[in-house]
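J.: Pasting a predicted model and its sequence here:
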Amino acid sequence: MTAKPLVTVVLTVYKRLDYLRAALDGVAAQTFGDYEIIVADDSGSSDAREIATSAFADGRLRYEANPATLGVPRSLQSALRKARGRYISILNDDDVWEPEFLARLVPALEASHRRVLVFCDHWIMRESGEIDEPATIENTTAYGRLNLRAGDIDDPHTLVLQKNAVPVAMAAVFRAGAFEYSKLVPEVAGAYDFWIASLLAASGGVFYYVPERLTRYRIHSGMETVRRSPEKSECFVFIWRSLLESGSFPDLDPYMRVRLAESTVRAGRDRLYFNQIEQARAVVPIAAVQNHYNLSERKHEAVVDYCTKEGIVFVPFFPLRGDGGGAVREIAGRHNATSAQIALAWLLRRSPTMLPIPGTLSLEHLRENMAGLQITLTDAEFEILR
């Protein structure tokens, strides 16, 4: 194929193949035919090759398998540099386009060189492919598209940064070269779509909205959105900091500073969830750590030891849950105390940075908890319970 296509479709693939054929069939069914498709396989293998190449027999498809996994941003960057189209549309391997998607969006870009992006609304579908109408309406509302009128957007800055209303990864077409592809760096990770929308908004070009649901976003157990990882929130720390430093959105500086602070805290919290305290401290100062810990639950011993060494407050979650066994009752008898008081005394002896906050149901209950402060366990008693 020698003539340059009007549109380049970049279909991202990473290991999962269950929905790839449906995504390809959705592209093949487009009533607008002037496009090429680049399948960017970032799985580090060529497992998707047969599925991809069998979907198109007319030469419009190019299968590009990265020799090693690059991560979505760098994989996209590589594909975009190979794109020949005037316009670009990204599609993830688990989503699907309606047949009129390109036919409805591309003309708006052709009609004005000032427009850099055209986007539409989309359906939410279940894993089976069935449309979920309540979830669709909820999504449209949550992302600020419910009352958005057709046509040019007056304030794309707010639309992107505050409402995150532009689904770049499967419901948009944008002008090739409208942002620097080198800015698709690994640090933006899974938030590459929000990052691209932000870069396009910063370009000063016009955004255009088509208020029709012309694509389908699939909800399933293997989707990236539901995957939890220690570094997942750090991409937004990078994005908000970069946007602030760029000076592209001075009217939204206060809002972005709040979002940067929120993202920083969330990134640190995610590291703590995986007991990666040292890494969390590299992201945000840590004043206190809270984990499930008591006489019966000890899986976070290493965290307690680290907090003790570094002088970080450790707040045990459910400090009095579990009775600790017969040894606790025996020691309680010696001290004329309750098992809960012994549990508190043990926690306080366990680390000088320990800060148990037991729930209280009454003033009497509070007095009982406070009495635990007066109990001094012997070395032998402490070791028996340890």
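T.: Thanks, I have the structure now. The model shown is predicted, which means the values in this text are computed figures rather than measured ones.
J.: Which pLDDT value goes with Asn291?
T.: pLDDT for Asn291: 89.
J.: hang on, it in a strand?
T.: Yes - counting by DSSP: H, G, I helix; E, B strand; the rest coil, Asn291 is found in a strand.
J.: what sits opposite it in the beta ladder?
T.: Pro316 (DSSP bridges).
J.: is it true that it touches His300?
T.: Yes - judged on Cβ atoms under 8 Å, Asn291 makes contact with His300 at a distance of 4.3 Å. In this view, the C-beta of every residue, glycine as well, is placed from N, C-alpha and C.
J.: where's the closest residue to Thr360 other than its chain neighbours, which helix or strand?
T.: By the measure of Cβ to Cβ, 6 or more residues apart in numbering, the closest residue to Thr360 outside its immediate chain neighbours is Leu366, 4.4 Å from it. For Leu366, the host element (DSSP states H and E) is helix 363-371.
J.: and the helix or strand containing Tyr217, which residues are buried?
T.: Using DSSP H and E, Tyr217 sits in strand 206-218. Across strand 206-218, burial judged by 16 or more other Cβ atoms under 10 Å covers 206-210, 213-218.
J.: cool, stretch 259-267 as well?
T.: In stretch 259-267, counting by 16+ other Cβ under 10 Å, buried: 259-260, 263-264, 266-267.
J.: tell me the two of these that are most distant?
T.: Arg259 and Ala267 (12.1 Å; Cβ to Cβ).
J.: Need the residues touching each of these two.
T.: Phe236 (Cβ atoms under 8 Å, 6 or more residues apart in numbering).
J.: Pop the domain breakdown of this structure in here.
T.: What automatic domain parsing lists as the domains of the chain is 7-226, 228-286, 287-385.
J.: And stretch 220-230, how far out from the chain middle?
T.: Between the centre of stretch 220-230 and the centre of its chain there are 8 Å (Cα atoms, centre = their mean, to the nearest Å).
J.: for that stretch, which positions count as buried?
T.: Under 16+ other Cβ under 10 Å, the buried positions of stretch 220-230 are 223, 230.
J.: Repeat that for stretch 9-28.
T.: 9-14, 16, 19-20, 23-24, 26-28.
J.: all strands for the stretch 201-350 of the chain, in order.
T.: 206-218, 288-292, 313-317 (DSSP state E, counting those that start in this stretch).
J.: and the gap between the residue nearest to Arg350 when sequence neighbours are not counted and Tyr209?
T.: Ranked by Cβ to Cβ, 6+ apart and with sequence neighbours excluded, the top spatial neighbour of Arg350 is Val304, at 6.6 Å. Applying Cβ to Cβ, to the nearest Å, the value for Val304 to Tyr209 is 53 Å.
J.: what ranges of this structure fall below the confidence cut-off?
T.: Low-confidence segments of the chain, defined by pLDDT under 70, are located at 1-2, 225-227, 323.
J.: if we can go back for a sec, from the buried residues of stretch 259-267, which land in helices?
T.: 259-260, 263-264, 266-267 (DSSP state H).
J.: which residue sits farthest out from the middle of the chain?
T.: In the chain, counting by Cα atoms, centre = their mean, Arg334 sits farthest out from the average C-alpha position, at 52.8 Å.
J.: Now do the same contact list for it.
T.: Glu381.
J.: can you check the one 4 residues further on too?
T.: Taking Cβ under 8 Å, 6+ apart as the criterion, Thr338 is in contact with 332, 368.
J.: and among the domains of the chain, the most buried is which?
T.: domain 7-226 (a mean of 19; mean count of other Cβ atoms under 10 Å).
J.: The residue nearest to Arg350 and Val7: what is the separation?
T.: 57 Å.
J.: The residue found closest to Lys163 once you drop the neighbours it is linked to in the chain and Ile124: what is the separation?
T.: The shortest distance from Lys163 to any non-neighbouring residue, by Cβ to Cβ, 6+ apart, is to Gly144 (3.5 Å). Remark: distance between Gly144 and Ile124 (Cβ to Cβ) = 16 Å.
J.: mind listing what Phe179 touches?
T.: Counted by Cβ under 8 Å, 6+ apart, Phe179 has contacts 196, 199-200, 202-203.
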